[in-house]
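Student: Provided below for reference: sequence and predicted model.
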Amino acid sequence: MQDFTLRNSSNGKILAGRVNRATNPWTRGIGLLPRKSVAPDEGLWIDRCSAVHTVFMRAEIDLYFLDKDNRVLRIASAVPPNRLVVTCRNAATVVELGAAPEIGRDVLVGDQLVLEPSTA
């Protein structure tokens, strides 16, 4: 699977450098579930998605719900394992990243996120 860089194009800051794209039913359905931990620099971009769950996850994650133009509609920080559903009306994409409450991320509702091919 190819790694991508997730950038906030509204301010130019890189949010994560090891983001994968869910491209098939398996990666969309399983997502980050098998992971024992998810580093703040790791994540998953899921197109055509407006809701996720954290049932059976073992790590907290940060969620970014994006509209069809990849603008942030909702931010759910440090979502714990075993949440049945986390959703956002009108979302077209969900980005899951390892929780980073200690460092925070410079993202606001309305910012536009982009997925760029990783150079490494």
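Tutor: Ah, there it is.
Student: how about the helices in this structure?
Tutor: With helices called from DSSP state H, the chain shows them at 25-30.
Student: helix or strand with the lowest mean pLDDT in it?
Tutor: Sorting the helices and strands of the chain by mean pLDDT, DSSP states H and E puts helix 25-30 at the bottom, at a mean of 85.
Student: against which helices or strands is it packed?
Tutor: Applying 3 or more Cβ pairs under 8 Å, 6 or more residues apart in numbering; DSSP states H and E, one finds that helix 25-30 contacts strand 14-22. (Each C-beta comes from the backbone N, C-alpha and C, glycine too.)
Student: so how far is the strand it packs on off the chain centroid?
Tutor: 8 Å (Cα atoms, centre = their mean, to the nearest Å).
Student: stretch 41-57 too?
Tutor: 6 Å.
Student: and it, what's its mean pLDDT?
Tutor: When pLDDT is averaged over stretch 41-57, the result is 94.
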